[in-house]
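>>> got a predicted model here, sequence first, then my questions.
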Amino acid sequence: MKIIRESTHISGFLYDQPVGELPALTHCGETLCARGHKIGSHCHPGFEFHYLSRGSYGWRVEQETTDQQMGDIFINYPNELHATGPQSYPESHFLWIGLHLNQLGTEGKRLAALLRRKKCRVLSGCQEAEPILRGLVSQVINHRVHRSSTILAYLQTFIALIQQRVMSTKAGADDDAARIPYSHSVQKAVSYLEKNLDRRLPLKELAAAATMRHVPHFCAQFHREVGVPPATHHRRLRLHAARDALKQATFTITMVALQFGFNSSQHFSACFQDEFGVSPRQWQKGA
């Protein structure tokens, strides 16, 4: 076992070739990443499945960035270079496994062929994967009796789940109907934030929209599920919308700043730089 000790990791571990008699399981791990965590470009010989149990994230594969939300599974294909996306992402928590699917019987081979045909990148609303992966990792760590056969049973269940999700997903697109990343109250709050990007929202108003009376309890639940406080998530939404607006050459930075609820162009520019690593002016020129 390799303990992950980096400045942007709060905690984590990685097992390479964890079960000698099951070479199809190439690696597995779990990590809690701090805000701003980055992973350099790398690849694996088999498929890799990342389950995000907390926060939000982004991946870059061949210069294309894909967003991942809580409850999603991100898929890397064999020998495919991938890295963290260009943004600064919030605190997040991952479970992941690497598999040689072609070594996992008929169903494994079928799933590998299906993934290549469908070209799936993100599978949404896969909360059932978390207990499967946690059970698998627990077996790897604790060396219980009949460990190999139990891990193989977990892998077969995982393959069946991924196959089910892929079959119900349109090629090249997320299955939005399956995306239920948050509890009912937090989902209502997130939807309310997405519909009100022109101003900062008081926490009391947002808690009311989520049908929760106790503001501190609402903020704690929101932070626990989304990975960041409500104000931070709302600012990110406003900044992403503002970035899209800056593509219009007729919009000045001040106009965009005021349109999305920032008090001044200076404040907007500082927030934009912190979120995307470039100034609004640099982004607008590039866009």
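That came through fine.

>>> point out where this protein drops to low pLDDT.
Applying pLDDT under 70 to the chain flags the ranges 1, 4-7, 170-181, 287.

>>> so after the lengthiest helix in it, what's the next helix or strand?
Longest helix in the chain, counting residues (DSSP state H): helix 147-167. Sequence-wise, the next helix or strand downstream of helix 147-167 (DSSP states H and E) is helix 184-195.

>>> can you dump the C-alpha coordinates of the very next helix or strand once past that next one into PDB?
Going down the chain from helix 184-195, the next helix or strand is helix 203-209, by DSSP H and E. C-alpha atoms of helix 203-209 as PDB (Å, rounded to 0.1, in the frame of the first residue of the first chain):
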ATOM      1  CA  LEU A 203     -28.400  32.400   3.200                       C
ATOM      2  CA  LYS A 204     -31.900  32.800   4.800                       C
ATOM      3  CA  GLU A 205     -33.500  33.200   1.300                       C
ATOM      4  CA  LEU A 206     -31.600  30.200   0.000                       C
ATOM      5  CA  ALA A 207     -32.500  28.000   3.000                       C
ATOM      6  CA  ALA A 208     -36.100  28.900   2.500                       C
ATOM      7  CA  ALA A 209     -35.900  27.900  -1.100                       C
END
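
>>> returning to that earlier point: just the buried residues of the longest helix of the chain, please?
147, 151-152, 154-155, 157-159, 161-163, 165-166 (16 or more other CB atoms under 10 Å). Every C-beta, even on glycine, is put in place using the N, C-alpha and C of the backbone.

>>> nearest to residue 84, out of the residues you listed: which one, please.
Of all these, residue 162 has the smallest distance to residue 84: 22.9 Å, by CB to CB.

>>> quick check: which helices or strands does the longest helix of the chain pack against?
For helix 147-167, the contact count by 3 or more CB pairs under 8 Å, 6 or more residues apart in numbering; DSSP states H and E identifies helix 105-118, strand 122-123, helix 129-142 as packing neighbours.

>>> and for residue 229, the neighbour number?
Counted with other CB atoms under 10 Å, residues neighbouring residue 229 total 15.

>>> what of residue 62?
Residue 62: 7 neighbours (other CB under 10 Å).

>>> on that earlier part again, ok, residues contacting the longest helix of the chain?
With CB atoms under 8 Å, 6 or more residues apart in numbering as the test, helix 147-167 has contacts from 19, 21-22, 24-25, 49, 73, 97, 99, 101, 104, 107-108, 110-111, 114-115, 118, 120, 123, 126, 128-129, 132-133, 135-136, 139-140, 144, 175, 178.

>>> I'd like the helices and strands packed on helix 147-167 laid out as CSV, including distance to residue 212.
As requested, the helices and strands packed on helix 147-167 are arranged in CSV below (distance: least, CB to CB, whole Å):
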stretch, distance to residue 212
helix 105-118, 39
strand 122-123, 29
helix 129-142, 25
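
>>> closest to residue 83 out of these?
Closest among the helices and strands packed on helix 147-167, using CB to CB: strand 122-123, at 16.0 Å.

>>> listing partners with orientation, what would you give for the closest one?
strand 73-76 (antiparallel) (DSSP bridges).

>>> and after the strand it pairs with, which helix or strand comes next?
Using DSSP H and E, the first helix or strand after strand 73-76 is strand 82-84.

>>> buried stuff in that following strand?
So strand 82-84, judged by 16+ other CB under 10 Å, has buried residues 82, 84.

>>> residues in contact with that strand?
37-43, 57-61, 76.

>>> quick check: the farthest pair among the residues you listed?
Greatest spatial distance among the contacts of strand 82-84 (CB to CB): 37 and 43, at 19.0 Å.

>>> the two: who's more crowded?
More crowded of residue 37 and residue 43, by other CB under 10 Å: residue 37, with 22 against 14.

>>> contacts only, for that one.
8-9, 84, 89, 92 are the contacts of residue 37 under CB under 8 Å, 6+ apart.

>>> and if we set it to 6 Å?
residue 8 (CB atoms under 6 Å, 6 or more residues apart in numbering).

>>> now residue 2, nearest residue through space, not along the chain?
Of all residues not flanking residue 2 in the chain, residue 14 sits nearest, at 4.6 Å (CB to CB, 6 or more residues apart in numbering).

>>> what separation do you get for that neighbour and residue 264?
45 Å (CB to CB, to the nearest Å).

>>> which of those two has more neighbours?
residue 14 (15 against 11).
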